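**Student:** Give me coordinates for this.
(3 chains)
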Amino acid sequence: MTDLQKLRIGLTSLAVLAWAVAPLLVERSLLDVLNFSAILAIGGLGVGLLLGQCGIVNLGQSAFYGIGAYATAYGTTALGLPASAAMLIGMASAAAIALAIGWPMLRLGGFYLALATLAVGSIAGVLFFEWDWLTGGTLGVGGIPKLVVAGIELAEPMHYHYFIWPVVAGLSWLALNLIHSRQGLALRAMRDAAPAAEVLSIDLHRLKTVVFVISAVLGALAGSLFAHYVSFVSVQSFTVERSILFLLVPVVAGARSVPGIVIGALFVGLVPELLSALGDMHQVLFGLALVLVVTLLPGGITGLTTRWLARKEPA
Amino acid sequence: MPSSLILQAVLAGITSGFVYALIGVGIAVIFRGSHIVNAMQGEFAVVGALVAVFASAGAGLPLPLAATLGVAAGAGLGVLIDLLFVRPMKRRKASEESFLLLTIGLAFTLSAGALYFAGRDSHLLPPIVEGVYAIGGATIPNHALWLIALAVAVVAALRLFYRRTLLGLSMAAASADPDGATTIGIDVNRARLLTFLLGGGVGAVAGILVSPLIAMNYHMGIVYTLKGFAAAILGGIANPLGAVVGGIVLGLLESLAAVGFPSGYRDGVAMALLIVIMIVMPNGLIGRAGRVGG
Amino acid sequence: MNALISPKPAAAAEPLLRLQGIAHHFGGLNVLDKVEFDVPAGRIVGLLGPNGSGKTTCFNIVSGFLRPKAGSVRFAGDDVTAWSVQRRGSAGLVRTFQTPKVFEHMTVLENLMVGEYKTTRSGFVGALLSLPGARREYAAMRERATACAERFGLARLLHVVSGALPAGQRRIVELARACIAEPRVLLLDEPSSGLNTEEIETLRHWIERLNADGLTILLVSHDMGLMTVCDQAHVLYFGEIIASGSLAEVQCDPRVREAYLGV
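**Tutor:** This next block holds a predicted model:
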């Protein structure tokens, strides 16, 4: 067994152990932040697939996050739908919208595409604000019921903690399957040398669109789970800043790594919280931390580990 | 619809159009000089304006001096960014996405910094000249006329600089062909530093010119960045004059749309238009380095 | 090897690849003017010319990276002038690049497996859920890629990240990958660039072997030594074909001598 495999098994076991005992060791407010990190991980996974496998910078995840959240909020309160139905509607709508706007938009390259996704996020923000019959505008929508899983109502952060991290693990498993598949090969080929991939009859545009739709569905799922967690949503949560947070998760983690998404999400969720003890400067410090990660750690945190390991093992 | 209302909208649109144009010009300058897409250009405007506000209202300095300080702050910030971040990243040949993520991160940091130092309030600069000027049934602030004149002057000066001065030409050469430029003695690093100095300065000028009309706050950076990009893309990102045309078109469309649509949708209309234009106008016309045959 | 290459096609009414009336310009600059030639099935055809003669532009037009301002490209009986690169690849028109475009972050084995994309079909659902059918196909892809690597002498490099390989080996990886995609015609763009003498010999060996097994090849190069593998050659000069025939014939052609050696 190689060092890397041992490390992976060790870390995974540690992570599972940490998950199991966390609510017993950690105070409620921190558990709350951890739950939010899990939600960030789900939305960040989508953005991470686009960034790490397709090289696309997606600044519009807040749009789909909002679609999921409001589908759940409106669906369960005004329409009285069961939670799973509302969630599915949210994900289906996100998929449909992502397909409709993604197909023309993904023909754009590099920076223009990033700008277009940013515009999508902005437009969604405007619509969430204006369509207050659906979203309640700044007043928001409240009274969203808690999720009930296997008969247990997830009323406390602790309950949610035991629910959401397995969800994150399951989605990560799906993502890893994708990467180690024929389609995953095509995605990585597209990222490394798009013209050569094209010559090998890979339809780049279709690939990008599918991953974009997957990312949107993950965003919507994250939004629905968020709505059920906090029971009250308002437009402030669905702005461009939220899109940037989602983007930061894979950037900090190291875009190509799926397990790293969890680390990235924990960083993006916890660090602002920890820094807030330093007062108003915390936002600035957080921004600086990001900039430093991008400048100094091109492979993100997982890139550091890989490089450290490479140094330990002789070729 | 009374024609004076339309005329008013047109005047307002042209005014904001020139602001967007200046931001767009700054983006084009930085892109031409470093091949970096600067997602934080609007923050130069915020920094420039806020420094000028604090110099004039806080420290009581006369407006021209305060404005100069603001421009210097913007230019200085640009230089700092190049030295601290861009230069090392260029040295290790970082990817295009990395630079984009860098400027996004910087936008976030600077916006948070503005929030920290200037709070959530919006700040107004005193105008260059008080009062309004009447045209037809509409009025335009005198300051706006100055804004337009100064913006035109800045763009003209930049054009002259790049085309006629040795320094400007060598900067253009350095960005077009860094290796070739090095062989004839052009210091590519210094050229890029000057690019960021100019880009930062122009951005600050935009912010200083607009804040007597529209109060500046920490959040405006990203809004101006987006509008600046729209202007630059409409006009052709590598062509500074194009950003002027693009800016004015954008300003007019936005202004006239505000007459037709409820005001909340205004920004949405601009964004939607941006996406449509990017998709419909093929990349080839937008001045990106194309494939070269041979 | 035969399993990788399509069998020689029956005598067709039309040559496998045909260029007619190709003209192209950039801005006001005429780059190609009335370029016409055929690539018969099973042959190696060379396109020669000094730098700036339009070889690369012509090549990009045939492979689909550029649309000509005038003229047509016909492949296996179809007019493919408007076809995308990807569609041409699906039809069996595969090219390599002047600087070998290997997938830098992927191993040699993975590079070859990407070449099998065209001949496999498991979709996203199978991938995400790791369905048995998808897994089986993936394992089969891996086996075929391993076999291909052995035939091309890349077996000991299977798990090396291709970005770490020197130019000569990258070229072979790119070639092997193109072959595993079951091409009907292989377009080689300056394949010897960046290679040393020994590597060029290896390359030459492979070109001859692949052609012996029935693969049609269009070769662009300015390396006269490599060009001796060609059955036919066409010489481009300032965007026009000035000579066609066997390599010996065009080398003796006075206009060609003037173009290469003259003022």
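**Student:** what about residue B:37, is that helix, strand or coil?
**Tutor:** Classification of residue B:37 by DSSP: H, G, I helix; E, B strand; the rest coil places it in coil.
**Student:** Hmm, residue A:112 and it touching each other?
**Tutor:** No: applying Cβ atoms under 8 Å, one finds residue B:37 not in contact with residue A:112, separated by 9.2 Å. In short, each C-beta sits where N, CA and C put it, glycine included.
**Student:** Tell me where the model's unsure across the stretch 51-200 of chain C.
**Tutor:** For the stretch 51-200 of chain C, no stretch is flagged by pLDDT under 70.
**Student:** Would you tell me what helix or strand the closest residue to chain B within chain C is located in?
**Tutor:** Closest residue of chain C to chain B, Cβ to the nearest Cβ: residue C:57 (3.4 Å). Residue C:57 belongs to helix C:55-63 when assigned by DSSP states H and E.
**Student:** could you dump that helix to PDB, C-alpha only?
**Tutor:** What follows is helix C:55-63, C-alpha atoms only, in PDB (Å, rounded to 0.1, in the frame of the first residue of the first chain):
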ATOM      1  CA  LYS C  55       0.700  24.900 -45.600                       C
ATOM      2  CA  THR C  56      -0.600  25.400 -42.000                       C
ATOM      3  CA  THR C  57      -3.700  27.300 -43.300                       C
ATOM      4  CA  CYS C  58      -4.400  24.600 -45.800                       C
ATOM      5  CA  PHE C  59      -4.000  22.000 -43.100                       C
ATOM      6  CA  ASN C  60      -6.300  23.800 -40.700                       C
ATOM      7  CA  ILE C  61      -8.900  24.000 -43.400                       C
ATOM      8  CA  VAL C  62      -8.700  20.300 -44.100                       C
ATOM      9  CA  SER C  63      -8.900  19.400 -40.400                       C
END
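**Student:** quick revisit: to what extent is the residue of chain C closest to chain B buried, counted in neighbours?
**Tutor:** Per other Cβ atoms under 10 Å in any protein chain shown, the neighbour tally for residue C:57 reads 25.
**Student:** Over to the one 3 residues further on?
**Tutor:** Counted by other Cβ under 10 Å, the residues lying close to residue C:60 total 21.
**Student:** and residue C:153, how many neighbours?
**Tutor:** Neighbours around residue C:153, by other Cβ under 10 Å: 14.
**Student:** Doesn't residue C:83 lie inside a helix?
**Tutor:** No: assigned with three-state DSSP, residue C:83 falls outside any helix and is coil.
**Student:** Leaving out the residues flanking it, which one is nearest to it?
**Tutor:** residue C:64 (6.1 Å; Cβ to Cβ, 6 or more residues apart in numbering or on different chains).
**Student:** contacting residues around that neighbour?
**Tutor:** By Cβ atoms under 8 Å, 6 or more residues apart in numbering or on different chains, residue C:64 lies in contact with C:80, C:83, C:84, C:85, C:87, C:88, C:93.
**Student:** Leaving out sequence neighbours, find the closest residue to the third one.
**Tutor:** Of all residues beyond its chain neighbours, the one nearest residue C:84 is residue C:64 (6.2 Å), with distances taken as Cβ to Cβ, 6+ apart.
**Student:** Kindly provide the distance from that neighbour to residue C:39.
**Tutor:** Going from residue C:64 to residue C:39 by Cβ to Cβ, to the nearest Å gives 15 Å.
**Student:** where along chain A do the strands fall?
**Tutor:** In chain A, strands defined by DSSP state E lie at A:141-142, A:148-149, A:152-153, A:232-233, listed in chain order.
**Student:** Could you do the stretch 101-250 of chain B as well?
**Tutor:** All strands of the stretch 101-250 of chain B, identified by DSSP state E, counting those that start in this stretch, fall at B:132-135, B:138-141.
**Student:** what residues does the first one touch?
**Tutor:** When you say that, I think you mean strand B:132-135. Taking Cβ under 8 Å, 6+ apart as the rule, strand B:132-135 contacts B:7, B:11, B:139, B:140, B:141, B:142, B:145.
**Student:** could I get it in CSV with only the CA atoms?
**Tutor:** The C-alpha trace of strand B:132-135 is given here as CSV (Å, rounded to 0.1, in the frame of the first residue of the first chain):
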residue,chain,number,x,y,z
VAL,B,132,-27.5,72.9,-13.9
TYR,B,133,-27.6,73.8,-17.5
ALA,B,134,-30.9,73.8,-19.4
ILE,B,135,-31.2,72.2,-22.8
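**Student:** What parts of the stretch 1-150 of chain B come near chain A?
**Tutor:** B:37, B:85, B:88-89, B:92, B:94-98, B:100-102, B:104-106, B:108-113, B:115-116 (Cβ under 8 Å from any Cβ of the partner chain).
**Student:** try 7 Å
**Tutor:** The stretch 1-150 of chain B comes close to chain A at residues B:37, B:85, B:88-89, B:94, B:96-98, B:100-102, B:104-106, B:108-109, B:112-113, B:115-116, as judged by Cβ under 7 Å from any Cβ of the partner chain.
**Student:** Put the buried members of these into a ChimeraX selection.
**Tutor:** Applied in ChimeraX, the following selects the buried portion of the residues of the stretch 1-150 of chain B next to chain A according to 16 or more other Cβ atoms under 10 Å in any protein chain shown:
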select /B:37,85,89,94,97,98,100,101,102,104,105,106,108,109,112,113,115,116
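**Student:** Filter the residues of the stretch 1-150 of chain B next to chain A down to the ones in helices?
**Tutor:** Secondary structure assignment by DSSP state H places B:88-89, B:96-98, B:100-102, B:104-106, B:108-109, B:112-113, B:115-116 of the residues of the stretch 1-150 of chain B next to chain A in helices.
**Student:** Residue ranges in the stretch 1-150 of chain A under the pLDDT threshold?
**Tutor:** A:1.
**Student:** will you turn the strands of chain A into JSON lines that also has distance to residue C:43?
**Tutor:** JSON lines is the format used below for these (distance: least, Cβ to Cβ, whole Å):
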{"stretch": "strand A:141-142", "distance to residue C:43": "71"}
{"stretch": "strand A:148-149", "distance to residue C:43": "67"}
{"stretch": "strand A:152-153", "distance to residue C:43": "73"}
{"stretch": "strand A:232-233", "distance to residue C:43": "68"}
